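[1] One predicted model, sequence on top.
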Amino acid sequence: MNFPRLWRGRKPCLGRPRPADVGSGLVTGLFSIPEGMAYAAIAGFNPVAGLYAGVVPAIVGSLTSRTVLMVTTLTSALALTSQSVLADAGLDPKDAGNVATLTLMAGVVMLLMGVLRLGVLMSFVSNAVMTGFSTGIALQIITGVLKDATGYKPEGDNRLFQLGDWLAHVGEWQRAAALVAAATIAVWAGTRLVRRLEPVALLVAMTAASVAVALLGTDVELVGSIAHIPAALPGFSAPDLSAVPELLGGAVAVAFVGLAQAASIGPSVPNPDGSKSSVNGDFAAQGLANLAGGLFQSLPSGGSLSRTGVAVSAGARTRWAGILSGVLLALIVLVCAPLAEHIPMPVIGGLILVVGGELIWGKRHDILLVLRTSRLSSAAMTVTFLATTQFPLQQSIVLGAVLSLLLYCVQAARRARLVALVPDGRGRWHPADVPADMPPGEVTVLYYDGVGFFAELPGIEASLPPADHARGAVLILVMRGAPDVPSSTMTKVLRSYAHDLHRAGGRLILAGVEPGLAHTLKAGGLDRDLGPDGIIPAGGGALFEPLDQALLTARAWIAAVRSPSLHDPRDGPERPGRPGPQPPDGP
């Protein structure tokens with residue numbers, strides 16, 4: 001663990017913010033008002049906590065992140081996951097101490113994952129599983145604001161049932177609320193037609209619809225009726241340490257959701273200064289952002305793709321854009337907090353319907369890709385989606401992780417194979433099918449293409465050429481690329497096949513074995529079974545050098561078997577890898 005290395009490559013000085021960064025910070029900060037409040041509200045939190053999640057976490061995250069333009073703040077998935085975790089633990093989501101405890105614990109998990117360089121774990125999360133999870137989250141976002149948007153609260157525990165119940169009771173919608181939400185969506189759609197206003201379409205829709213409701217005197221529920229928004233900066237919030245035992249597993253789930261969402265931002269938003277982003281560095285930065293934000297009334301935060309997209313669209317060029325978004329949001333709250341209380345809830349409901357709809361629409365290509373890829377991936381996506389509509393999100397996350405692991409194992413096992421390498425007489429090797437038999441007195445070269453999972457080895461074992469008629473023959477198995485730490489089943493399979501070849505009068509040689517794998521195989525006694533030069537390490541030379549060395553060893557061994565006088569009795573009794581001096585059948 002080298003903690004400072006997580007930030008290697010960063011410039012030592014922030015420099016001065018560019019005018020584009022100031023404008024981007026202002027737009028992003030303003031955008032945080034409706035989005036942050038709405039995300040907190042649909043999850044049952046105090047909307048103010050959603051506002052504050054765009055202040056301290058955004059500043060700290062932008063200061064420390066290796067992905068320069070990533071904005072760290074509350075996301076819909078984090079809000080819903082946090083609510084599910086607190087509800088499952090029997091804790092009040094509006095209790096500041098509970099929220100602070102969960103945020104701090106999630107921050108510790110994120111920071112540890114960054115310091116321990118566990119970013120590689122994100123590569124094991126299947127795209128099919130993440131697509132199903134993200135689509136399910138989007139559905140939860142939509143169903144969570146149906147009451148705010150239309151005044152009718154759908155019944156049922158399953159989100160799909162709630163959506164169906166809502167559609168089936170159109171006649172019970174409150175006309176005023178539904179019209180305000182529809183008008184908000186219409187203004188948003190019209191604003192997006194103007195290219196320059198597209199990044200602030202949500203903000204324009206919120207402002208225009210709120211002003212129209214105030215001028216017309218439309219009787220709808222306001223934000224002020226749900227929560228008072230103080231014209232003050234976030235104050236210190238002490239965690240409730242008694243809640244730690246109940247939140248241990250939930251904090252890991254919240255951290256995993258935040259990190260999984262943020263892991264896609266680095267590849268999508270490259271650093272303008274040419275520096276390289278780092279998943280582990282971003283993990284640590286999000287951990288620090290939550291550790292700081294948890295002490296100042298913030299909900300759990302992570303890299304937000306939507307907020308980052310707004311910042312980039314508004315012209316962000318350096319990390320100052322994210323820093324200023326938090327600073328300017330704090331100033332806006334100080335000056336304009338009373339105005340925010342007059343925002344109609346149907347306006348926020350309409351905006352969140354837009355956000356949820358965009359999330360689902362944005363996933364359409366991924367959904368089609370998964371459906372076209374394989375039935376197994378399609379099943380994993382469908383199961384994960386259905387789980388997010390029925391079970392608590394932390395359980396859906398665990399299920400998704402298990403499905404991802406199963407998909408990886410199955411795909412790795414299916415990919416594993418043996419390939420015959422055949423020379424063409426000009427020093428080049430060509431792939432071919434594994435031969436049905438090993439010609440006596442000749443060398444057969446096979447390449448092992450796999451990852452060493454025990455699940456793949458029965459198929460590999462069945463693909464090996466029969467050893468019945470391998471008298472005086474040598475099989476060279478090229479192991480370059482095989483894992484350093486194989487399963488014990490691999491050693492067992494290789495030893496069994498070496499013994500079969502020995503009994504038939506043949507020999508097995510492993511070529512291109514990585515040092516770690518060679519050490520493991522020797523510890524299992526395989527080197528004694530294979531005989532002298534039976535395991536040829538990969539080394540640091542030419543790619544085919546181990547194979548060339550194995551060929552020389554194999555040909556010398558065949559020549560020795562053909563000439564009984566070359567067998568030295570002082571070598572001791574015959575053993576696997578050293579068949580006796582009997583001449584082989586055939587040439």
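    Looks like it arrived, so ask away.

[2] contacts, neighbours, all on C-alpha from now
    OK.

[3] Next, find the distance separating the residue nearest the centre of the chain from residue 142.
    The structure's the chain has its C-alpha centroid closest to residue 122; by C-alpha atoms, centre = their mean the separation is 3.4 Å. Residue 122 sits at a distance of 27 Å from residue 142 (criterion: C-alpha to C-alpha, to the nearest Å).

[4] nearest residue to residue 550 other than its sequence neighbours?
    Distances taken as C-alpha to C-alpha, 6 or more residues apart in numbering place residue 511 nearest to residue 550, at 6.2 Å, with adjacent residues excluded.

[5] I'd assumed residue 547 was in contact with that neighbour.
    Yes. With contacts defined as C-alpha atoms under 8 Å, residue 511 counts as touching residue 547 at a distance of 5.8 Å.

[6] Could you tell me which residues touch both of the two?
    residue 478 (C-alpha atoms under 8 Å, 6 or more residues apart in numbering).

[7] So for these two, which sits in the more crowded spot?
    residue 511 (29 against 24; other C-alpha atoms under 10 Å).

[8] OK, contacts around residue 331?
    Residue 331 makes contact with no residue under the criterion C-alpha under 8 Å, 6+ apart.

[9] Could I get the pLDDT score of it?
    pLDDT, residue 331: 91.

[10] State the distance from it to residue 151.
    Between residue 331 and residue 151 the distance is 33 Å, computed by C-alpha to C-alpha.

[11] Equivalent analysis for residue 230, please.
    Separation of residue 230 from residue 151 (C-alpha to C-alpha): 27 Å.

[12] mind listing the strands for this protein?
    Secondary structure of the chain, counting by DSSP state E: strands at 72-73, 302-303, 417-423, 429-432, 443-449, 474-478, 507-513, 535-537.

[13] Now residue 156, what are its backbone angles?
    When read as degrees, to the nearest 10, the backbone of residue 156 gives phi 110, psi 150.

[14] What of residue 342?
    phi -90, psi 10.

[15] now the helices for the stretch 1-150 of the chain?
    In order along the chain, the stretch 1-150 of the chain carries the following helices (DSSP state H, counting those that start in this stretch): 19-42, 47-52, 56-64, 76-88, 96-115, 127-144, 146-150.

[16] okay if I get those as CSV plus mean neighbour count?
    Putting the helices of the stretch 1-150 of the chain into CSV (neighbours: other C-alpha atoms under 10 Å) gives the following:
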stretch, mean neighbour count
helix 19-42, 24
helix 47-52, 27
helix 56-64, 27
helix 76-88, 24
helix 96-115, 25
helix 127-144, 25
helix 146-150, 25
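
[17] would CSV of these with distance to residue 355 and mean pLDDT be doable?
    Below are the helices of the stretch 1-150 of the chain laid out as CSV (distance: least, C-alpha to C-alpha, whole Å; pLDDT from 0 to 100):
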stretch, distance to residue 355, mean pLDDT
helix 19-42, 9, 83
helix 47-52, 16, 87
helix 56-64, 20, 95
helix 76-88, 10, 89
helix 96-115, 24, 95
helix 127-144, 8, 84
helix 146-150, 13, 91
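
[18] who wins for proximity to residue 538 among these?
    Distances from residue 538 to each of the helices of the stretch 1-150 of the chain were compared using C-alpha to C-alpha; the shortest belongs to helix 96-115, at 31.7 Å.

[19] From residue 128, how far out is residue 89?
    29 Å.

[20] same check, this time on residue 202
    Distance of residue 202 to residue 128, computed by C-alpha to C-alpha: 30 Å.

[21] Can you pick out the residue with more neighbours from residue 230 and residue 151?
    Neighbours around residue 230 and residue 151, counted as other C-alpha under 10 Å, are more numerous at residue 151. The numbers are 20 against 15.

[22] buried stuff in the helix or strand bottoming out on mean pLDDT in the chain?
    Of all helical and strand segments in the chain, the minimum by mean pLDDT, DSSP states H and E falls on helix 265-268, at a mean of 74. Judged by neighbour count using 16 or more other C-alpha atoms under 10 Å, the buried positions of helix 265-268 are 265, 266.

[23] what does it rub up against?
    Where contact means C-alpha under 8 Å, 6+ apart, the residues beyond helix 265-268 that reach it are 67, 70, 277, 278, 279, 303, 305.

[24] Neighbour-wise, give me the winner out of those residues.
    Most neighbours among the contacts of helix 265-268, by other C-alpha under 10 Å: residue 303, with 33 neighbours.

[25] Tell me if I'm right that that residue and residue 70 touch.
    Yes. Using C-alpha under 8 Å, residue 303 is in contact with residue 70, at 6.2 Å.

[26] any idea how this structure splits into domains?
    19-410, 416-571 (automatic domain parsing).

[27] most neighbours per residue, which of those domains?
    Relative to the other members of the domains of the chain, domain 19-410 carries the highest mean neighbour count by mean count of other C-alpha atoms under 10 Å, namely a mean of 21.

[28] start to end distance for that one?
    From its first residue to its last, domain 19-410 covers 52 Å (C-alpha to C-alpha).

[29] How far away from the center of its chain is it?
    Computed by C-alpha atoms, centre = their mean, to the nearest Å, the separation of domain 19-410 from the middle of its chain amounts to 17 Å.

[30] how close does the residue nearest to residue 550 get to residue 450?
    The span separating residue 511 from residue 450 equals 15 Å under the rule C-alpha to C-alpha.

[31] repeat for residue 316
    Counting by C-alpha to C-alpha, the gap from residue 316 to residue 450 is 44 Å.

[32] Dump stretch 496-508 to PDB, keeping only the CA atoms.
    Taking C-alpha atoms only, stretch 496-508 is exported to PDB below (Å, rounded to 0.1, in the frame of the first residue of the first chain):
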ATOM      1  CA  SER A 496      -2.600 -37.700 -14.100                       C
ATOM      2  CA  TYR A 497      -1.900 -37.100 -17.800                       C
ATOM      3  CA  ALA A 498       1.800 -37.300 -17.200                       C
ATOM      4  CA  HIS A 499       1.400 -40.700 -15.600                       C
ATOM      5  CA  ASP A 500      -0.800 -41.900 -18.500                       C
ATOM      6  CA  LEU A 501       1.900 -40.800 -21.000                       C
ATOM      7  CA  HIS A 502       4.600 -42.500 -18.900                       C
ATOM      8  CA  ARG A 503       2.800 -45.800 -18.800                       C
ATOM      9  CA  ALA A 504       2.300 -45.600 -22.600                       C
ATOM     10  CA  GLY A 505       6.000 -44.800 -23.100                       C
ATOM     11  CA  GLY A 506       5.600 -41.100 -23.800                       C
ATOM     12  CA  ARG A 507       6.500 -37.800 -22.100                       C
ATOM     13  CA  LEU A 508       4.900 -34.500 -21.200                       C
END
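
[33] what mean pLDDT does that stretch have?
    Looking at stretch 496-508 alone, the average pLDDT works out to 92.

[34] Now do it: distance to the chain's middle.
    With C-alpha atoms, centre = their mean as the basis, the distance from the averaged C-alpha position of stretch 496-508 to the chain average is 44 Å.

[35] Same question for stretch 493-506.
    Averaged C-alpha coordinates place stretch 493-506 at 43 Å from its chain's average position (C-alpha atoms, centre = their mean).

[36] Residues contacting stretch 81-95, please?
    Identification of contacts with stretch 81-95 by C-alpha under 8 Å, 6+ apart yields 43-46, 98-99, 102, 246-247, 250-251, 253-254, 257, 300, 392-394.

[37] Could you check how far residue 248 is from residue 546?
    50 Å.

[38] again with residue 505
    Residue 505 sits 24 Å away from residue 546, going by C-alpha to C-alpha.

[39] what's the answer for residue 557, then?
    Here residue 557 is placed at a distance of 16 Å from residue 546 (C-alpha to C-alpha).

[40] With residue 362 instead?
    Counting by C-alpha to C-alpha, the gap from residue 362 to residue 546 is 49 Å.
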